[in-house]
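A.B. asks: Fold the following, please.
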Amino acid sequence: MAPVHDFFAFAGDYWWMVFPLFGMTMGAIGAASKRRELAERRRHRERIELIRAQGGAAPTVPVTAPPPIADDQRRVIAAQDAVTHRWLDYELDASKLISFPAMSDGRQPLTAAFLRAKKVADNLRPRDGETLPPERLREYREAVTDYEVAFDVAERDARRVKDAAFSPDERKRLDTAKQLLGVATDQAATPHERQLAYRRVREELDGLIWLSDEAVDVLEKKVALELPRGTATRPASTTPSDEATGSVA
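C.D. replies: Numbers count the residues shown, from 1 in each chain. Okay, here's the model as predicted:
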């Protein structure tokens with residue numbers, strides 16, 4: 001038992017030497033690991049050089065292509081785009097908005113519900129190149145279904161009620177605007193008649209139907225395209241004038 005006793009006595013007196021010995025041991029282990037890594041890299045380079053010398057191609061790391069967008073997700077996106085296209089047929093067509101004004105009136109409950117459903121679907125729509133996980137795809141699919149149903153209901157109701165929500169005087173203004181719109185896009189009319197009719201359309205619709213900037217731009221381009229070559233300028237301002245208050249022949 002004496003040697004053991006002597007060892008612990010020595011360790012108790014020289015305990016401070018444990019730390020440098022530990023550091024030296026770990027350093028030796030790290031150096032050995034580093035040497036093995038360098039040797040492996042050297043052997044790898046030698047294998048590549050041997051393959052090249054033999055006329056072969058060096059091995060490359062395969063590049064994994066991003067997974068394609070799931071067919072289900074593409075179908076949902078296409079369904080949403082189809083509904084949006086149907087909505088834009090109204091939003092950008094002044095003639096349709098005059099015939100079915102409820103489609104542009106957010107005060108109508110069914111139209112308001114459709115616009116809310118559209119916003120939800122737009123917010124859940126995946127970004128370009130994004131593949132939704134199953135749970136989010138399910139949520140997006142349900143939102144697009146709600147969007148489609150809400151639009152169908154709003155459209156059927158708008159076509160049913162037409163201008164019933166307007167007073168007799170307001171309905172008369174809508175009828176006048178629709179007739180003037182035909183003149184504004186009629187190639188048989190003179191440029192003066194078309195521009196005058198366009199301004200009258202805007203006046204008759206003011207306060208009844210809101211036309212988006214995009215709808216106004218489409219309408220103005222349509223009117224300008226009907227003008228003969230050399231006179232196809234942007235229609236005049238909608239500022240009321242003495243001329244604008246006259247009748248259209």
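A.B. asks: hey, where'd the strands end up in this structure?
C.D. replies: Assigned by DSSP state E, the chain shows no strands.
A.B. asks: pLDDT score assigned to E135?
C.D. replies: pLDDT for E135: 93.
A.B. asks: give me the number of residues near it?
C.D. replies: Counted with other CB atoms under 10 Å, the neighbours of E135 add up to 8. All C-beta spots, glycine's among them, are computed from the backbone N, C-alpha and C.
A.B. asks: That one and V76: what is the separation?
C.D. replies: According to CB to CB, to the nearest Å, E135 and V76 sit 14 Å apart.
A.B. asks: Repeat that for T176.
C.D. replies: T176 is 43 Å from V76, by CB to CB.
A.B. asks: okay, these two: which has more neighbours?
C.D. replies: The neighbour count for T176 versus V76, taken as other CB under 10 Å, is higher for V76 (24 against 17).
A.B. asks: My read is that the more buried one contacts L137, right?
C.D. replies: Yes - with contact defined as CB atoms under 8 Å, V76 and L137 form a contacting pair (7.2 Å).
A.B. asks: what ranges do the helices span in this structure?
C.D. replies: For the chain, the helices defined by DSSP state H occupy 2-13, 18-53, 71-91, 94-99, 109-124, 134-161, 168-184, 191-205, 213-225.
A.B. asks: So which bits of the shortest one are buried?
C.D. replies: Within helix 94-99, the residues that qualify as buried by neighbour count (16 or more other CB atoms under 10 Å) are 94-99.
A.B. asks: Okay, now the unreliable bits of this structure?
C.D. replies: Along the chain, segments meeting pLDDT under 70 span 1-69, 225-249.
A.B. asks: give me that answer again for 80
C.D. replies: 1-69, 187-188, 222, 224-249 (pLDDT under 80).
A.B. asks: how does it divide into domains?
C.D. replies: Listed domain ranges for the chain are 71-161, 168-245 (source: automatic domain parsing).
A.B. asks: wait, what's in contact with F114?
C.D. replies: 87, 147, 150-151, 153-154 (CB atoms under 8 Å, 6 or more residues apart in numbering).
A.B. asks: now swap in V223 and tell me
C.D. replies: If you count contacts by CB under 8 Å, 6+ apart, V223 has them with 184-185, 194-195, 198, 235.
A.B. asks: distance of it from L205?
C.D. replies: 14 Å.
A.B. asks: Then P191?
C.D. replies: P191 is 22 Å from L205, by CB to CB.
A.B. asks: So for the two, which sits in the more crowded spot?
C.D. replies: Using other CB under 10 Å as the criterion, P191 and L205 rank with L205 on top: 22 against 17.
A.B. asks: Which residue is the nearest non-sequential neighbour of that one?
C.D. replies: A177 (5.3 Å; CB to CB, 6 or more residues apart in numbering).
A.B. asks: count of neighbours near the one you found?
C.D. replies: Using other CB under 10 Å, A177 has 24 neighbouring residues.
A.B. asks: these two touch, right, it and I98?
C.D. replies: Yes - applying CB under 8 Å, one finds A177 in contact with I98, separated by 5.6 Å.
A.B. asks: still on that earlier bit, neighbour-wise, which one of the contacts of V223 leads?
C.D. replies: Taking other CB under 10 Å as the neighbour criterion, A184 ranks highest of the contacts of V223 with 27 neighbours.
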